[in-house]
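Visitor: Sequence first, predicted coordinates after that:
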Amino acid sequence: SQTIHQWPATLVQPVGSPLSLECTVEGTSNPNLYWYRQAAGRGLQLLFYSVGIGQISSEVPQNLSASRPQDRQFILSSKKLLLSDSGFYLCAWSPQGARAEQYFGPGTRLTVT
Amino acid sequence: AQSVTQPDIHITVSEGASLELRCNYSYGATPYLFWYVQSPGQGLQLLLKYFSGDTLVQGIKGFEAEFKRSQSSFNLRKPSVHWSDAAEYFCAVGRMDSSYKLIFGSGTRLLVRP
């Protein structure tokens, strides 16, 4: 069966510091991968998605970036964190092909101080 | 533009009572629809999905949802709520411009009275 991992589970970082969040998927190959942010009391905002190694699409302009160095690895990064980057970050995957449901990881709680 | 509306921010029901969570969508073609549940501090878990066919969809944990094209709705139901169902519920619809991306509603928080 497929599983999705995210780490770290929680992170407290000062403003201006770098960020690296990692997501890995097991038990499938060539998945679509997604990064979402969920601000407190709000819905999910799609940040990035990837349909293959090295293929990254950004949904919203921001100071975050994403990379996919391996088929089942998705990384969310920032060179300098802002207070507004605080939130709950969720990684998700879906099988290749149209009309596929997405499966979510456990999330990373990021607090920028 | 496509959208998903969950009109109820909070709903409180007594344990053992029935539940219906509302979801309305705007979509120009046959949609594909999902319900997810999120417990505090956790990721989202897929409850059920509708792609085509039977408009009454059965999911996990005793949930079901009914697709009504005429009302652009996909409401989630459960005949008897358990205290462990307290969580946030999200409805989602597949985007027309990209079949593998979803649009999520803003969520409904379910509180269960003992």
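Guide: Cool, the structure landed.

Visitor: where are the low-confidence patches of chain A?
Guide: Residues of chain A that meet the criterion pLDDT under 70 lie in A:41, A:61, A:98-99.

Visitor: who in it is up against chain B?
Guide: A:6, A:32, A:34, A:42-44, A:46, A:49, A:51, A:88, A:90, A:92, A:94, A:97-107, A:109 (C-beta under 8 Å from any C-beta of the partner chain). C-beta coordinates here come from the backbone N, C-alpha and C atoms, glycine included.

Visitor: and the gap between B:Glu15 and B:Arg113?
Guide: 7 Å (C-beta to C-beta, to the nearest Å).

Visitor: Which strand residues bridge residue 74?
Guide: Since you didn't name a chain, this refers to chain A. Beta-bridge pairing for A:Phe74 (DSSP bridges): A:Cys23.

Visitor: that answer is for a different chain, and I need it for chain B
Guide: Residues in beta-bridge contact with B:Phe74 (DSSP bridges): B:Phe67.

Visitor: That one against B:Phe51, yeah?
Guide: No: B:Phe74 is beyond contact range of B:Phe51, at 11.9 Å (criterion: C-beta atoms under 8 Å).

Visitor: what about those two, which has more around it?
Guide: Shown here are B:Phe74 and B:Phe51; by other C-beta atoms under 10 Å in any protein chain shown, B:Phe74 has more neighbours (27 against 16).

Visitor: quick revisit: buried only: go through the residues of chain A next to chain B for me.
Guide: Buried members of these, counted by 16 or more other C-beta atoms under 10 Å in any protein chain shown: A:6, A:32, A:34, A:43-44, A:46, A:49, A:51, A:88, A:90, A:92, A:94, A:100-105, A:107.

Visitor: Now, those that are in helices?
Guide: Among these, DSSP state H puts none in helices.

Visitor: does any part of stretch B:18-34 sit near chain A?
Guide: Yes: using C-beta under 8 Å from any C-beta, we find that stretch B:18-34 touches chain A at B:Tyr32, B:Phe34.

Visitor: Next one: B:Tyr25 from chain A, what distance?
Guide: Noted for B:Tyr25: a distance of 14 Å to chain A, by C-beta to the nearest C-beta, to the nearest Å.

Visitor: Mind checking what secondary structure that residue has?
Guide: Under DSSP: H, G, I helix; E, B strand; the rest coil, the three-state class of B:Tyr25 is strand.

Visitor: contacting residues around it?
Guide: Residues near B:Tyr25 by C-beta atoms under 8 Å, 6 or more residues apart in numbering or on different chains: B:Gln2, B:Ser3, B:Val4, B:Thr5, B:Pro31, B:Leu33, B:Ser72, B:Ser73, B:Phe74, B:Cys91, B:Val93.

Visitor: how about low-confidence regions in chain B?
Guide: B:28, B:96-99.

Visitor: Strands of the chain, start to end?
Guide: You didn't pick a chain, so chain A it is. Counting by DSSP state E, chain A has these strands, from start to end: A:3-7, A:10-13, A:19-26, A:32-38, A:44-52, A:55-58, A:64-70, A:73-78, A:87-94, A:103-104, A:108-112.

Visitor: that's the other chain; I wanted chain B
Guide: Using DSSP E, strands in chain B cover B:3-5, B:10-14, B:19-21, B:24-26, B:33-38, B:44-50, B:56-58, B:64-68, B:73-78, B:87-94, B:102-104, B:108-113.
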